[in-house]
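Student: Pasted the sequence and its predicted model underneath.
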Amino acid sequence: MATTAETPPGPLPPVAGALAVAWARRALAAALQGRRVAEAALAEEGPTSAVLDAPRGVFVTLRSFPDRQLRGCVGFPRASYPLRTAVARAAVAAGLDDPRFPPVGLEELDRLVVEVSLLTEPAPLDEARREEWPELIQVGRHGLIVEERNHGGLLLPQVAPEQGWDSREFLAGTCEKAGLPPGAWRRPGVRVLTFEALVFEEERPAAAARPRAG
């Protein structure tokens, strides 16, 4: 059983990440205007098209500009849909269906920056090494998923550095995201999975996206 998400995403040229961010903005704008999103509209020639058609886990994050406060974040942790489909659905859901925030209005879209995280497939930590889990988790590299029966929670790799957390605090925070006590990761039956992410973000609203440093 794998201990960490060691396998990085497949080859992904920066232009593909930039296209994913642009597609997320386009999909959300179309939804806000009441239009049906045509998934074929982002078709490109060559290897970029193949990347966008391949299944991949993805999260879309919306932040206010310029203060970059969280405005919505929704995604699919596993490669259940082609990238273009996952990005479109996640973008619309982040803008309209994140229960933590009111829906985004069309007039607000020009004051938001879009961030897309492209995920590796989650891999479970070895349950026989449960007490070593904090040492196996690399802050800034790994995202976490905590699962127990009907509970589940996910935090992206960028969350721990943003919060100033070490790996134990990151575990505790992900447990709480799952609706569990912060130390729940220690008890049998709780699974923790790790994954990695390539993150692309707009520097300002509607600007060309670039890989996120760190």
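Tutor: Now that the structure is in, tell me what you want to look at. Bear in mind that the values here come from a model prediction, so they are computed numbers and not experimental data.

Student: residue closest to the middle of this structure?
Tutor: residue 59 (2.9 Å; C-alpha atoms, centre = their mean).

Student: Show the contacting residues for that one.
Tutor: 73-77, 90, 116-117, 119, 156, 197 (C-beta atoms under 8 Å, 6 or more residues apart in numbering). Where C-beta positions appear, they are placed from N, C-alpha and C, glycine not excepted.

Student: Show me what it is bridged to.
Tutor: Beta-bridge partners recorded for residue 59 (DSSP bridges): residue 75, residue 117.

Student: between the contacts of residue 59, which has the most around it?
Tutor: Using other C-beta atoms under 10 Å as the neighbour test, those are led by residue 116, with 31 neighbours.

Student: Surely that residue and residue 87 touch.
Tutor: Yes. The pair residue 116 / residue 87 is scored as a contact, 6.3 Å apart, by C-beta atoms under 8 Å.

Student: what's the overlap in contacts for those two?
Tutor: 20, 24, 58, 60.

Student: which one's the longest helix in this protein?
Tutor: helix 14-32 (DSSP state H).

Student: burial count for residue 150?
Tutor: Residues lying near residue 150 (other C-beta under 10 Å) number 7.

Student: Local confidence estimate at it?
Tutor: pLDDT, residue 150: 92.

Student: distance of it from residue 127?
Tutor: 19 Å (C-beta to C-beta, to the nearest Å).

Student: tell me the contacts of residue 155?
Tutor: 143-144, 170, 173-174, 177.

Student: Now it. Nearest residue, chain neighbours left out?
Tutor: If the residues on either side of it in the chain are set aside, residue 155 comes closest to residue 174, at 4.8 Å by C-beta to C-beta, 6 or more residues apart in numbering.
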